[in-house]
Every structure is written in C-alpha cells, then in structure tokens.
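A.B. asks: sequence and predicted structure below; questions after.
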Amino acid sequence: MKKIIYFLLLFMGVQAVDAQNSYDVMRFASDELSGTARFVGMGGSMGALGTDISVISTNPAGIGLYRSFDAVATIGLHTVENKASFLGCETKDNKVSVAFDNIGLVFSTYHGGDNLKYVNFAFNYRHRNHFSNNMEIAGSLIDGDNNYFSQQYALKNFYDISGDYIDYNDYYSLDYPWLGLLTSTSGLIDDNGNLAYVPEGSDGRYPTYMNYRSKEKGGVDDIDVNISCNVNDMLYLGVTFTASNVDYTRAAEYTEFCDSYDYYTIQNSYNVSGNGFGVKVGAIVRPFEYSPLKIGLALHSPIWYGLTDRTSATMYGTTENNIWDTRDYDAYGEDLFVDYEYTTPWRMNLSASYTFDTFAAINAEYELVDYSTAGLEYTDGFDMKDLNTEIEANMKTQHIFRVGALFNLDDNLSLRCGYNYISAPNYEDAAKTIFKMYDTSTEYMNRYETNVFTLGLGYAGESFYMDFAYKLAMQKADFYNYYDSEYVNPAATVDITRQSLLMSMGFRF
C-alpha cells in the first residue's frame with residue numbers, strides 16, 4: 001500500500017517539491033578570481049587602482065580612470081586536483097579544461113570641462129565560475145574499532161520518516177518521495193522496512209566498502225555593461241549592470257560493496273540552468289589633489305536568478321527488484337524539474353591603492369558577503385521555508401582579503417604578484433538534510449578557507465600589450481556521503497588544488 005501511495009504522490013504532487021538543496025544553489029553566489037591576466041596576476045586586487053577591464057566586476061568606478069580606448073581578450077588553461085582520504089584510503093582525481101575567460105571593450109571620451117573630465121563606457125564578458133571537476137572517494141566502511149558506516153541506514157531513516165508524512169486522505173502531504181521511492185522499489189528496503197544488507201548474521205551480506213565518483217561541468221558567465229566618469233581627477237564614479245547565465249551539470253555515482261558479491265548503486269544526474277541580473281555601484285576618491293593614494297568603495301546588489309533544476313536517478317544492485325529509474329515514472333515523461341527564484345547576498349568592497357611614481361603600485365582590498373542571507377522562493381512567490389532555514393543555519397559571513405603589487409621593470413615590462421585569503425562560507429557542522437529536498441544525491445561537502453597565490457608578467461608596447469598570469473588556489477574540505485543525525489558519519493578529508501594559466505592580448509590607443 002505504501003508503494004501505491006508513493007506513486008500517487010509523485011504523479012499528483014510533483015510541483016510541490018523544493019529546489020535541489022542549499023549546497024548546489026550557493027555555488028552560484030560565489031565569485032572566482034577570474035578575468036584578464038593583468039587582473040589575475042595582481043590577485044584581483046585593483047579596486048582602487050583601476051584601469052583594467054576586469055575591475056568592472058569589483059569596483060565599477062575603476063573604469064573611470066581610463067583615458068584611452070581599450071580592447072582585450074583572455075584565454076585560460078585550468079586544472080583542478082582533488083586528493084581525498086577516507087578511513088585510511090587515499091584517492092586522487094583531476095580535470096583539465098580550456099576556457100575563453102574574458103573579452104572586453106572600453107570607450108573613453110574626453111569632455112574637458114572644469115569638473116567633468118571623462119565619461120567612459122565599457123562592455124565585458126567574463127567566465128566567472130569554472131565548474132569542470134572530477135572527483136573520486138573510496139574506502140572501508142569499517143574502522144579499526146569495527147564501527148560500521150553505511151548510507152543504507154540513512155536511507156532507511158529517511159524511508160521511515162517519509163512514511164510518517166503520509167496522510168491517506170491528502171496525497172500532497174509528502175513533499176519529498178524520491179529516496180523513499182528508490183529504496184523501496186529497488187528492493188533495498190522491503191515492505192516491512194527491513195534492509196537488504198544488514199550487519200547482523202554470518203552470511204556477510206552487508207556493505208564494507210564504498211566508492212563515490214562524480215563529474216561536473218559548466219559555469220557561470222557574466223556580461224557587464226558599465227558607465228563611469230572622472231570628476232576633476234579626484235572623484236571617480238561608476239555603475240555596472242550585470243547579466244548572468246548559469247549552466248551546471250553533475251553526474252554522480254555512489255556504490256556500497258559487500259564482503260560477498262552483493263552491492264547497491266545510486267546514480268544521479270543533475271542540471272541547473274537559468275539567468276540572473278544584478279547591479280554594482282562604486283566610487284574612488286583621492287583624498288588630496290595629485291595624491292598617489294586612492295580609496296575605493298563598492299556595493300554589489302544581489303543577483304536575482306530565475307533557475308530550473310532537472311534531476312533523475314537510478315538505483316540498482318543485487319536485490320530482488322534489481323533496478324529502478326525515476327525517469328520511468330515521471331509525470332512529464334522526462335527528468336523531474338522545478339522552476340524557482342534565487343537571490344544571492346549583497347556584497348561590500350573596500351579598497352585602497354598607492355602608486356610609487358612610475359616604478360610600482362600596490363592595492364589592498366576587503367570584501368564582505370553574508371551567505372546566510374541568500375533566499376529561495378517558488379516562481380509563484382511562495383517561500384521555500386525549509387531550504388531557507390537550512391541556508392541560514394549552514395552558511396555564514398565570508399571575509400575576503402586581497403593584495404596585489406605591480407613593478408615596472410622598464411618602459412615595456414612589468415612584474416605582478418598577488419594573494420587572496422578567503423574565509424569559509426559555511427560552518428564546520430553544516431549539513432545537507434535529505435528530508436528537505438527532492439533529489440537523491442545525499443552527498444555534500446563543507447569547504448573551508450582558501451589561499452590563492454598569483455604571479456603575472458606583462459609587456460606593453462605603444463598600443464599592443466600582452467599579459468600572462470599563473471594562479472594557484474588551495475582549499476581543504478570535508479566530504480560526507482550522507483547526513484543522518486542518528487548515526488556517526490565520518491568525513492573524507494579533501495585537498496583541492498586549482499591552477500590556471502592565463503594569456504591576454506589587447507590594444508590601447
């Protein structure tokens with residue numbers, strides 16, 4: 001009877017599901033260090049220094065310092081390596097990708113007034129986030145004390161709680177049927193709530209080893225339009241209008257193996273796509289006339305996204321029913337989908353720069369973003385209360401410190417370097433609660449602080465210039481196969497290393 005109710009709920013209540021989960025949507029609020037090789041070579045720290053097209057995304061007033069036309073394009077080679085350790089088992093995987101990172105134009109017009117000196121216009125495309133990534137995690141499910149860790153217990157707990165939601169007079173009372181449908185229909189859990197693989201008994205039919213694999217691709221692309229001005233060479237003002245496009249896909253597979261031939265596998269496919277819009281305003285001021293010191297301030301509005309999630313899953317193994325696929329029973333004849341709106345947090349950026357004649361320049365900046373203020377709602381305006389509560393509980397204020405330096409070696413060559421410290425966006429005990437989502441990917445990762453180091457080299461001729469940059473970003477994270485408050489769930493520790501090589505070519509005249 002419970003299976004029949006599940007199917008009725010799936011067909012009649014498919015529109016009542018929430019978005020994927022708080023972890024997936026939060027990735028679209030982040031802002032990677034990307035852009036021109038000059039910008040990246042200085043660690044993205046140019047908020048008060050200006051005169052680079054990529055500053056359009058951090059402090060729009062930086063475009064106001066231009067006094068000439070500029071056209072630039074950037075291509076990048078990007079690698080990401082994940083080293084994971086789970087209960088003594090070490091794994092490693094990597095991904096290499098090539099991206100067209102930036103193309104931009106600046107039009108500078110001289111007005112020559114007593115106060116208004118220049119009015120500038122800029123257009124820029126930026127590949128803001130690179131999501132290409134491969135990861136594998138494997139290891140024993142039994143530690144040295146013979147403690148047993150299995151996802152199937154979390155699935156059983158979900159199945160039991162899902163049953164408590166059922167009201168036989170109200171088919172819409174169960175909002176999250178997917179894991180229950182998979183586990184019951186595939187035979188991992190029978191009609192009496194018993195597990196197919198259990199640690200009791202002598203036949204060895206219980207999982208002792210796990211393997212997780214995932215492949216990710218896609219990114220977030222921004223198109224920025226800027227208008228800025230120079231007031232008496234002492235005050236620079238700017239505004240940037242940003243249109244964002246999201247396209248992210250993840251394929252994941254989680255398997256638990258037994259001592260004997262038994263196993264079960266969950267395969268998940270997930271895609272999110274959509275568009276967003278945001279506004280940035282900024283100002284740069286010289287405290288004193290002809291001062292080499294400049295101070296910048298910028299405020300970034302939220303990005304208001306309209307997104308669509310599509311998900312499907314398959315569970316199979318050495319059980320009586322063997323295999324079950326969500327797509328076979330979807331009411332729309334395809335992957336399950338949901339449309340929703342996502343509002344990212346506000347951002348604040350404060351910067352300062354100092355120029356040492358024509359020899360060197362330095363810029364430092366601080367950025368603040370509170371990820372707990374992000375919000376989700378349905379397209380009809382109703383709040384996604386469970387997921388918003390989870391975001392507020394899991395996410396916190398992130399602090400970003402950037403510093404960059406430029407050294408002119410001669411009239412044509414320059415050397416650049418930069419450093420970023422980015423604090424963790426989530427609390428250490430954050431968790432992805434499987435009872436508050438419709439998808440079946442139970443895994444999640446808590447990321448901690450990131451350290452980014454950059455180097456750059458530039459050549460500037462009379463009008464043509466070429467820049468190169470190298471970026472190294474290092475981050476640690478804890479990966480969890482599932483969350484279940486009733487059972488201890490050890491984390492796999494992951495070291496994430498991202499490297500990029502960028503080349504920009506441009507003309508100024």
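C.D. replies: Arrived safely, thanks for sending.
A.B. asks: might one say that Asn420 is in contact with Gly44?
C.D. replies: Yes: contact criterion Cβ atoms under 8 Å: Asn420 and Gly44 qualify, at 6.9 Å. (C-beta placed from N, C-alpha, C; glycine too.)
A.B. asks: so which residues of the stretch 251-400 of the chain form strands?
C.D. replies: Along the stretch 251-400 of the chain, counting by DSSP state E, counting those that start in this stretch, strands occupy 263-285, 293-300, 304-317, 323-325, 336-343, 347-356, 360-370, 375-378, 397-408.
A.B. asks: those: which one's closest to Leu87?
C.D. replies: strand 263-285 (18.3 Å; Cβ to Cβ).
A.B. asks: parallel or antiparallel, list what pairs with the closest one.
C.D. replies: The strands that strand 263-285 pairs with in its sheet are strand 235-258 (antiparallel), strand 293-300 (antiparallel), strand 304-317 (antiparallel) (by DSSP bridges).
A.B. asks: and the first one with strand 336-343, angle?
C.D. replies: Calculated by axes from the mean of the first three to the mean of the last three Cα atoms, to 10 degrees, strand 235-258 forms an angle of 150 degrees with strand 336-343.
A.B. asks: what about this protein, any weak spots by pLDDT?
C.D. replies: Along the chain, segments meeting pLDDT under 70 span 1-21, 146, 161-178, 199-205, 260, 320-335, 434-439, 486-487.
A.B. asks: on the three-state scheme, the residue located most distally from the centre of it is what?
C.D. replies: In the chain, the residue that sits farthest from the middle, by Cα atoms, centre = their mean, is Asp114; the gap is 46.2 Å. Secondary structure, DSSP: H, G, I helix; E, B strand; the rest coil: Asp114 is coil.
A.B. asks: can I get the strands paired with strand 263-285 in JSON lines with distance to Asp410?
C.D. replies: Formatted as JSON lines, the strands paired with strand 263-285 follow (distance: least, Cβ to Cβ, whole Å):
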{"stretch": "strand 235-258", "distance to Asp410": "29"}
{"stretch": "strand 293-300", "distance to Asp410": "25"}
{"stretch": "strand 304-317", "distance to Asp410": "47"}
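A.B. asks: which stretch among those strands comes nearest Asp484?
C.D. replies: Of the strands paired with strand 263-285, nearest to Asp484 by Cβ to Cβ is strand 235-258, at 14.2 Å.
A.B. asks: flag every buried residue along that closest one.
C.D. replies: 236-240, 242, 244, 246, 248, 250, 252, 254-258 (16 or more other Cβ atoms under 10 Å).
A.B. asks: would you put the C-alpha positions of that strand in PDB?
C.D. replies: Provided in PDB are the C-alpha atoms of strand 235-258 (Å, rounded to 0.1, in the frame of the first residue of the first chain):
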ATOM      1  CA  LEU A 235      36.500  61.600  -7.700                       C
ATOM      2  CA  TYR A 236      35.600  58.600 -10.000                       C
ATOM      3  CA  LEU A 237      32.100  57.200 -10.100                       C
ATOM      4  CA  GLY A 238      30.700  54.100 -11.800                       C
ATOM      5  CA  VAL A 239      27.800  51.700 -12.200                       C
ATOM      6  CA  THR A 240      27.800  48.200 -13.700                       C
ATOM      7  CA  PHE A 241      24.800  46.300 -14.900                       C
ATOM      8  CA  THR A 242      25.400  42.500 -14.900                       C
ATOM      9  CA  ALA A 243      23.500  39.800 -16.800                       C
ATOM     10  CA  SER A 244      24.400  36.300 -15.600                       C
ATOM     11  CA  ASN A 245      23.900  32.900 -17.200                       C
ATOM     12  CA  VAL A 246      24.100  29.600 -15.300                       C
ATOM     13  CA  ASP A 247      24.700  26.200 -16.800                       C
ATOM     14  CA  TYR A 248      25.900  23.400 -14.400                       C
ATOM     15  CA  THR A 249      25.700  19.600 -14.800                       C
ATOM     16  CA  ARG A 250      26.800  16.900 -12.400                       C
ATOM     17  CA  ALA A 251      26.800  13.100 -12.900                       C
ATOM     18  CA  ALA A 252      27.500  11.100  -9.700                       C
ATOM     19  CA  GLU A 253      27.600   7.500  -8.700                       C
ATOM     20  CA  TYR A 254      27.700   6.100  -5.100                       C
ATOM     21  CA  THR A 255      28.200   2.300  -4.500                       C
ATOM     22  CA  GLU A 256      28.400   0.200  -1.400                       C
ATOM     23  CA  PHE A 257      30.000  -3.200  -1.800                       C
ATOM     24  CA  CYS A 258      29.700  -6.200   0.500                       C
END
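A.B. asks: one step back: what's the overlap in contacts for Asn420 and Gly44?
C.D. replies: Here Asn420 and Gly44 share the contacting residues Leu33, Arg402, scored by Cβ atoms under 8 Å, 6 or more residues apart in numbering.
A.B. asks: did I read that right, Lys95 in a helix?
C.D. replies: No: going by three-state DSSP, the assignment for Lys95 is strand, not a helix.
A.B. asks: any idea how far it is from Glu341?
C.D. replies: 31 Å (Cβ to Cβ, to the nearest Å).
A.B. asks: now swap in Val239 and tell me
C.D. replies: Val239 is 24 Å from Glu341, by Cβ to Cβ.
A.B. asks: can you give me the helices in this protein?
C.D. replies: 2-12, 22-26, 37-41, 151-165, 178-185, 385-394 (DSSP state H).
A.B. asks: how many residues are close by Ser485?
C.D. replies: Ser485: 9 surrounding residues under other Cβ atoms under 10 Å.
A.B. asks: gap between it and Ala154?
C.D. replies: 9 Å.
A.B. asks: again, but for Gly456
C.D. replies: From Gly456 to Ala154 the distance is 47 Å (Cβ to Cβ).
A.B. asks: more neighbours, those two?
C.D. replies: Shown here are Gly456 and Ala154; by other Cβ under 10 Å, Gly456 has more neighbours (26 against 21).
A.B. asks: which non-adjacent residue is nearest the more buried one?
C.D. replies: Distances taken as Cβ to Cβ, 6 or more residues apart in numbering place Gly41 nearest to Gly456, at 1.8 Å, with adjacent residues excluded.
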